[in-house]
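Asks: Here's a sequence, model it:
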Amino acid sequence: MLDVALLTDARAFLRSGYLVKIERCLDLLGEDDIWWRANDASNSIGNLLLHLDGSTRMWMLRVAGGRQIVRDRDAEFAERGPIPKAALLARLRSTLAEVDEVLAGLDEATLLERRQSTQGEVTILWAVLHAVEHFAMHTGQIITLTKLRTGSALRLAN
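Replies: Below is the predicted model of the structure:
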């Protein structure tokens, strides 16, 4: 029972929480803002969106869902754009729709199955929790970068 609630909450965090906050940020930003970097050691919002897509596909679709996923992590951070924000958002939405299907298909028994990952062998539960935590962290970075670019407080509460 607890596992089902955890999966329901994970689905809500990703689709109704973090994605909505990212969408609101992107609505406030121009195309140039998406690729702005504070310095050479920093990532742009565009890079963070590419990275969220790649990482979420890897953890949720490959590890938790058992699907074959091809990912080039270095390319996520090397990209300098300009990929339009609409295209980045469409890609992330598509990934989260697939993730939602995977999460809807998991149950108590499968959450404790062990799968191979880049971090070694992990449970599906670990992969889900890691992906949600990782998504939250980068959503916070996108919010911070949006505040830097717009110079205003954001109203992100649902």
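
Asks: Can you tell me, leaving aside adjacent residues, what's nearest to the most centrally placed residue in the chain?
Replies: The centre of the chain sits closest to residue 52, judged by Cα atoms, centre = their mean, with a distance of 3.6 Å. Closest residue in space to residue 52, ignoring its immediate chain neighbours: residue 138 at 5.3 Å, by Cβ to Cβ, 6 or more residues apart in numbering. For every residue, glycine as well, the C-beta is placed using N, CA and C.

Asks: quick one, what contacts that neighbour?
Replies: 48, 51-52 (Cβ atoms under 8 Å, 6 or more residues apart in numbering).

Asks: pretty sure residue 62 contacts residue 69?
Replies: Yes - with contact defined as Cβ atoms under 8 Å, residue 62 reaches residue 69; the gap is 4.1 Å.

Asks: Show me which of the two is the more surrounded one.
Replies: residue 62 (20 against 13; other Cβ atoms under 10 Å).

Asks: mind checking how far that one is from residue 24?
Replies: According to Cβ to Cβ, to the nearest Å, residue 62 stands 29 Å off from residue 24.
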